[in-house]
Structure formats: structure tokens, C-alpha cells
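Visitor: sequence first, predicted model second:
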Amino acid sequence: MKKSLLALAALTAFAGAASAQSSVTLFGIVDAGIARLSAGGKSVTGMTNSGYNSSRLGFRGVEDMGGGLQAGFWIEGALSNDDGNAAGMNWQRRSTVSLMGGFGEIRLGRDYTPTFWNLTVYDPWGTNGIGQAASIALVPGNQATAVRSNNAISYFLPAMGGFQGQVMYAFGENVSGGAKTNNYLGFRFGYAAGPVSVHAAYAKVEGATDAADVKDMNIAGSFDAGVVKATLVYAQEKNGAGAKATYIEPGIQVPLGAGMFKATYGRYDLKDSSNDFNKIALGYHYNMSKRTTLYTTYARISNKGASAAVVSNNGLAIAGAAGRNASGFEFGVRHAF
Amino acid sequence: MKKSLLALAALTAFAGAASAQSSVTLFGIVDAGIARLSAGGKSVTGMTNSGYNSSRLGFRGVEDMGGGLQAGFWIEGALSNDDGNAAGMNWQRRSTVSLMGGFGEIRLGRDYTPTFWNLTVYDPWGTNGIGQAASIALVPGNQATAVRSNNAISYFLPAMGGFQGQVMYAFGENVSGGAKTNNYLGFRFGYAAGPVSVHAAYAKVEGATDAADVKDMNIAGSFDAGVVKATLVYAQEKNGAGAKATYIEPGIQVPLGAGMFKATYGRYDLKDSSNDFNKIALGYHYNMSKRTTLYTTYARISNKGASAAVVSNNGLAIAGAAGRNASGFEFGVRHAF
Amino acid sequence: MKKSLLALAALTAFAGAASAQSSVTLFGIVDAGIARLSAGGKSVTGMTNSGYNSSRLGFRGVEDMGGGLQAGFWIEGALSNDDGNAAGMNWQRRSTVSLMGGFGEIRLGRDYTPTFWNLTVYDPWGTNGIGQAASIALVPGNQATAVRSNNAISYFLPAMGGFQGQVMYAFGENVSGGAKTNNYLGFRFGYAAGPVSVHAAYAKVEGATDAADVKDMNIAGSFDAGVVKATLVYAQEKNGAGAKATYIEPGIQVPLGAGMFKATYGRYDLKDSSNDFNKIALGYHYNMSKRTTLYTTYARISNKGASAAVVSNNGLAIAGAAGRNASGFEFGVRHAF
């Protein structure tokens, strides 16, 4: 994902102390589109946000502390620019403080879970818009940490050839003697070099009951042959009540002119059940400039049994109907700053 | 309205791409005052915000994409600086992304409706503070889009001599087969050259029932003779239940020293009813500098029949009483950044 | 408290007016820690924010208006960076506009009360984290203005040798004829020169009933002998129902290497009651750089009678138990930008 950064020259001033150079970056994305969603014979047309990239506003900075050590912060919140954040602004996309050096990075705060991050990196849709992989929250249970977790401490390995790794533990903050919930432990490891990239992630989160515990595993990779980039995402979830579901999504991305054609085919399979669905998504995005992109996407879900999945988007919603197909079409513009 | 802009030098950086120059502007207004409101024999004294200009914080920017095309974004939210935004921060003043060029501008997101914009441009009070024109939400019905609309797509004509025009359509986002509401269609056209400026606007918004549909029409203009500027605002609203109301407000603005004297007289008339009122407002603002202004305003409403209109303000409230007069006095300071 | 400032070059532009130089500063703190709180035989471990300094994001600026006059604004909100401001972002730490000159400063908006400010200035913990003085809200009653007040107008004396003073009046904004509440009147005066600093503050706030009225008085000072700085905070509160409570906290701060050792001992005493407690707190902070600090703190509360006070923190909570002791331990990192 291309991202433009506003790098501000910064003059740090301290009471009774000499000044030092540093930098703070203001950054963001405003992404708006028009979409039509259909399901169960009904439809809705309207405006969406985040169809290509998640709309956001953020501030981040790094301080060089000398001796190979850095400190940094990152606060970032979602923009729902179709309604002006009617539900209020927050910094729930990321709110972290980090210490970095040759040892890697220690990061404290609210952040993506490693399991979600692995899914979004390899999904050609970046888990955004109507094409996005239906790869999270596959089973009932505690899905509060399906995307991000509060109260998390993460460790990231330093650069080591093509090897990469991270571990996150998040506190459920349960008072002793009561139910335990939201304790999350997850990690992500992998390798990226030349045309090949592959990562696996695993996590366990506790629910309010044992049945609501969720175990999350995924493995994903890509091979970039230049004229085409192939991706594969495989995600599996189990809960403490015995439910197990998988989502597998092969995809391709083909550079075409000043843009990219994308196609994915996903299959959701719930064990011991015929309530499954598959999803096909096709799209093209055209880069008007380095920061501004036009995009259009079509997606269709075929529900089986009692499955009532819908093509979903930010800012527009439709209810699904058991066993009925669902589809969506959108076009929009993504502007980064 | 004078507005100061913080223009930040920006360095745009992209993964694997050359950098380009651009700019992001941080801007805002903090306006606070002390006011006393009276109605029906009761009164309240306290602190208000936005008595002269709406208090706000925003970020906006424009990217030159070459070939005469630009992309831009604008996110802006209200500051209720008397209570520190106790109800939470959002970006509901404006959240848009635009494509601009010789063809004009296409704008997507939450924004002012053309009908409201026409009223605020010509009201000497800018529809702010206790003097503001009582020119919106004149009849019962769906007034959700009286000032701004979510999910809107607008087209603005390019500069063409003194002619200006804009059209907005906003999606109600109603699922097919159910009630329709919030679909908004409106436009504004006019002419401004030399001392003369005049614009008309029209809109229709759907309510949850046909009776709640609202049709909105206004025409307003100004003539600037130098020593005095005369304005006239005429607004008319009808709902689907047959109610019709008008508001007419002649006004003058007289430059006086480093400031401006303002006076308006407004008449609200509900058809087939004697529940009407009129409003007189007098004020003076003094520019301490380009960005900082002191202001004072007095307004009085004479209610007839069962009308219970009050002089209103942001951050201070009093209930009206049928047929009883209402008044208000405020003084404050407006600082732009 | 050290604070880094991002000073942005600003270009102020006005419609039809010449431009002028000014400045806006973006500033903030992200402070995160891990803490374990115990009380009544139970415990909770988790992530906290603001353990050393309050996490925050803000914008402020000053305009030189000539003739020795300045105008300024300050908007600042809390960051709860352990959960990404799950409860929403606001600007309730401070939202003010000021006029400044040789006469001092007049400030309008939401701000600290003088009574709270005096307590936080002299508490070695800055009323942050588990060590903080338990010096506010000592009695039942209207404590809405214990820390800050909405709708406030303050006057600050200009610099006069070592003498300092401020008065705040805040409007309760009660409609005449009804109950009065939230009207606040308070002041703070004192002297600071060389190693000596001492200030006293007093306030009265009206509650919804006379019994809920609260009178607040405190006096605090410090003596800085170089190798050690001694502080003393004495706070007293009375309500309209006859309750009276005091908190007294002697403390020391000892520079040690690139950091500071701190220790305080506080006693809470409720008149005509044995439901009292005392609190001991020990801590050390180490400055990794001018903007980044590591800190660790231990605190213990001994409750007597039915007192159920706990060691408290932002983002982590435990319930107290009557007459049972409570304690806490935390370590964290504070990064300013």
C-alpha cells in the first residue's frame, strides 16, 4: 500500500534544557465510494468509506536517543468520512509507544493482532472493501481481538536476512477469582526475499467461558512473477465448544497500465455443517497519482444451507438471507496525505 | 470571514517511489463568549462557544496530480470549547474527498447542503450566535439535512465569469422494499460581480413518511455600497403535510473603525397560523488583529400566538414560553489559527 | 515536567488581507505501563496509561497582536493509549482562548481549577500513577469541578517578582428559579523564588443541594536543597452536610544518576470518624533522553475502619475492601512529542 507522509520539521524545546531535532508525521487517508449491495432479493445503494484503504488520521514520530536506541509513538484513528465520524473520533486503529534498537522493538498499547496482520498483508484487498477476504471471526466465541487488541505488549525481531517475527501478549485485566476473558497470546513468523514471501500466525484468546475460547491459525504467502503476483491465504479457527471453520483464498494481482487488476476466490467451510459459502471478487484500481487512486470492485457470495453471509463494506449495510446469494459493486476514490 | 491557515511544508514519501511536494493545512477557530439569555420571565447566564464564528479544528490538503487535475481532502469538526467537547470529537462539520479540474469539482462525503450554505453566506451573522437568522428547520418534518448531509455527492461548476453553481445528491441508504428517508437533492445557483451578489437554492429531502418530506427554497443577495452593505435573505419551507413557513431577513453591515456594525430584522411566518415571531439583532465586532476579534450582540424575539421561539446559542440554553418574548446579550472573543 | 514541542512554521493567509507570521504547536505524551494492583486479597495485572505523565494530544498557539498584546488558544485531550480512547476523543484536558498582555491573562473555557492545580504542582507524582496524592474529592458532595471546570473565566496576574496569582469563576449555567449547581469560585496565590516555593488555594462550588456544596482549601510548598527537594501538600475539604476531611503528604525527591528517586507519605483523615487511611509511595524514574523516561513505582494504602481506598491508575481498576490494605506496583515508559 502506498502511503504519503507529511514530514514536519520539529523543534523540540525543553524547560531548562538544550533543544534537539526530532520529527512528527501527520498522515491519513480519505477513501470514499459509491456502492450497491444486494442480498436475498433486496438491495441498497449508498456511500461507503474505506473501500480500497481504511480511511484514517494519525500522528507518529520517532526520537533518536543515541546509542542505537530509538523511542517512538503512533496514534491513529479511523475516519468514517461518509458521515463525519458520527459515532465519534477515537484512536483505536493504533495507540502505541515503542522502544527500538538492535534488539528489535518492544511496543505497548492497542495494535493489530499478529493473526489479523498476517491475513491483511496477503489478502489482495487488504481486508478492505467489498472484495475483502472473509477470513476473520470464522466461529462463534470471543472475537474481541479478531482484528486488534487493547492492553498489548509486543516484541518484534530485528531485521535478520529475510526472517521476520513478532509475539503479542494482551492483558484481559481480569480481577483474580473471577472469570478470565480477553487474555490474548499470538505470534507471527515468516520469510520474505525476492519474489517469495510466506508467513504463519497463531493465537489463542480466552473467552468469558471455556466454550468461548478461540484458537486462530493462518498461513499465507505470495509469489511475484512480475506479470502476475499470486497469493494464497489459509485461515482456520476453532472455539472451545468444538466448532471449527476454515477460509481459503487464492488470488492474483496483475499490473495493468497505471493500475492493477485483482481477482480472488474464497471458500468458507464450517466443519460438520453444510452452512458454507464461497466468494468471488474482481477489481481494478487505477493510480491517478502517487497519492490518489480510483478503484472499482465486484464481489459475489454463494451461500449454502443456512449460511447468510453478505458482501460487506464500511458505511453501508444489508441483511443476509439463509441460502440466498449476495453481491456488491462499488467504485470510489482513495486519497492519501 | 477571515480565516488563518497553517500551511505546512509536506514531504510525501512512498514505498518504492520518488517523493513529491504537497501540502496539508491545519486550521481552526476557538470562539468563546459570555451570554445572558431570557425567555418567559426566566434567564440564564453562562459561557458559549461559536458566538461569532463556529469553533472548529480541521485538516485539509490539495494534491496537484498534473494535467490540470487536483485531488483534495477536508476533515473538520466542531470544537465546543466551553466544555472541551464533552460529547466527544467528530468530523461532522465536513469530511470530504474531491477531484478538481477544468470541469469543476466532484466532492464526496459529509458536507453543508447547498440550501443551508446559501442562508449562511448571506446572513450577516453567518448563522452563528444569538443574532443568527432563524432561517432553517421552519416546518416540522425531516430536518436531518437542514444544515449538512451524510453520504453526499456534489458537483461544483468551474469559475465562469461571475456565475456559480452546485448540485448535491445524498443517499438515504434505504434498503429496497422499506420506507425511504434522507434522500436529498438540492442545488444552488447564482451570480457575484462587483458590488452585487445573488444566489438561489432549492432542495427536497424525503422523510420516513410522505408527510415528513420537506421542500426547501431560498433566495438571498447583497449589495455592497462601501459605506454600507445591504443583505436580504428569503427562505421558504413546505412539508408533505401541507405546512408552509417563510423567513425573511433584511440586514445591514456598516464598517465602523476597525470593525463592523450589523443589524438585521427577521420575520417568521407560518401559513394559516398566527404562531409567528419576529427577531431583531444588533451587534458590533472589533478586529484586534487579523485573527482575533471581539464581538458583542443583542437580539430580541417577539413571539405571537403559541410561538415559543428563543434566542439560541451554542453551549447555553433556555426554554421558550408560548407568546412570551425572548432576548439575549453576549460578548466574546474569536481567535482563528 | 519536560515536554517537547513541535513548533510548526505557520503562514497565515486571509481573504483580501496581507499575511502574517504566527505559530501553532502540536504536542503530546504517550505514557504506557504494566501494573499490578491488589486489594482485599484480590489482584489484577494489566496495562495502564499516564503512570508518570498524563497521556495527551494537543494544539496550541499564540498570536502577537502588537502593542504588547497577544491572543492564544489551547486545546488538549487525554489519550487512553492502552485502549485507543475506546470511550472517544475529546478536548476535556483544556479548551481555552486567551487575551494576554502587561495586565496578565484572561482565559475563557474549560481548564484546571486553581485548587487542583496547586495540588498537582507540588505532589511529587504530579497526581499521576499509583503514587499520586489522594488529595482530591475528600468528602461526598459535588466534585464535578474537583479537577477541571467547564464554562470558566480565569484571570492570571502578570509576572511580579516571585508573586503569582489566579482567580477562576465558572458558570453553573442554572436557569433562574431552579436549583443552583456547579457555580465555582476559586483562587490560588503564592510565591516562588530561589529554592523556596509556596502557594495556597481556595474554592467553593455549589451542589444541587446545600448539603452537596463543597469548600476546598489547600496549601503546599517545596524547598529545593539540591541534593534533595522536600515537598509538603496539605488539603482540606468540607461539604454542606458537615463532613470535613484532610490529606497531608510530605515528600522528597532525590536526583540519582540520570533520574530521580521519589518518596511520599500521605495521611487521609475524616473528621469524627475512624475510616481513615495512609499511603506510602516509592518510585524511581530514569531519563533515557530528553523526551523518553522509564519509571517504576510502588504504593501501599493502609485502610482503617470502613475505609476502602485503593491504589488507582488509568486503565486498570480493582475494588477496595473495608479495612483491608491495598497496594500497587507499576513500571512503564513515558514518551513526549
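Guide: Done, it's in.

Visitor: now do the same for the residue nearest the centre of chain A: helix, strand or coil?
Guide: Central residue of chain A (C-alpha atoms, centre = their mean): A:T120, 4.4 Å from the mean position. Put simply, A:T120 is helix when judged by DSSP: H, G, I helix; E, B strand; the rest coil.

Visitor: and it, how far is that from A:T113?
Guide: For A:T120, the distance to A:T113 (C-beta to C-beta, to the nearest Å) stands at 10 Å. To be clear about C-beta, it is placed using only N, CA and C from the backbone, and glycine gets the same treatment.

Visitor: give me the pLDDT value at the residue nearest to A:W74 when sequence neighbours are not counted.
Guide: In space, and not counting its chain neighbours, A:W74 is closest to A:R60: 4.2 Å by C-beta to C-beta, 6 or more residues apart in numbering or on different chains. Here the pLDDT value assigned to A:R60 is 97.

Visitor: touching, A:R60 and A:R93? I think so.
Guide: No. Taking contacts as C-beta atoms under 8 Å, A:R60 lies outside contact range of A:R93: 11.4 Å.

Visitor: and for the residue of the stretch 101-250 of chain A found nearest chain B, nearest residue in space, chain neighbours not counted?
Guide: Residue nearest to chain B within the stretch 101-250 of chain A: A:D224 (12.6 Å; C-beta to the nearest C-beta). Excluding the flanking residues, the one nearest A:D224 by C-beta to C-beta, 6+ apart is A:P195, at 4.5 Å.

Visitor: give me the number of residues near that neighbour?
Guide: Residues contacting A:P195 under the criterion other C-beta atoms under 10 Å in any protein chain shown number 12.

Visitor: likewise A:I219?
Guide: 17.

Visitor: so what does the helix or strand harbouring the residue nearest to A:W74 touch, helix or strand wise?
Guide: Assessed by DSSP states H and E, A:R60 sits inside strand A:56-66. Judged by 3 or more C-beta pairs under 8 Å, 6 or more residues apart in numbering or on different chains; DSSP states H and E, the packing partners of strand A:56-66 are strand A:17-39, strand A:69-78.

Visitor: now do the buried residues in it.
Guide: Buried residues in strand A:56-66, counted by 16 or more other C-beta atoms under 10 Å in any protein chain shown: A:56-65.

Visitor: now stretch A:236-244: buried residues?
Guide: Those buried within stretch A:236-244 under the rule 16+ other C-beta under 10 Å are A:236-240, A:243-244.

Visitor: want to throw the helices and strands packed on strand A:56-66 into a markdown table with mean neighbour count, distance to C:L316 and mean pLDDT?
Guide: Listed next are the helices and strands packed on strand A:56-66 as a markdown table, based on neighbours: other C-beta atoms under 10 Å in any protein chain shown; distance: least, C-beta to C-beta, whole Å; pLDDT from 0 to 100:
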| stretch | mean neighbour count | distance to C:L316 | mean pLDDT |
| --- | --- | --- | --- |
| strand A:17-39 | 21 | 28 | 81 |
| strand A:69-78 | 23 | 20 | 98 |
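
Visitor: between the ones you listed, which gets nearest to B:F277?
Guide: Proximity to B:F277 (C-beta to C-beta) singles out strand A:17-39 among the helices and strands packed on strand A:56-66, at 40.5 Å.

Visitor: direction included, what does the closest one pair up with?
Guide: Counting by DSSP bridges, the strands paired with strand A:17-39 are strand A:6-14 (antiparallel), strand A:42-49 (antiparallel), strand A:56-66 (antiparallel), strand A:326-336 (antiparallel).
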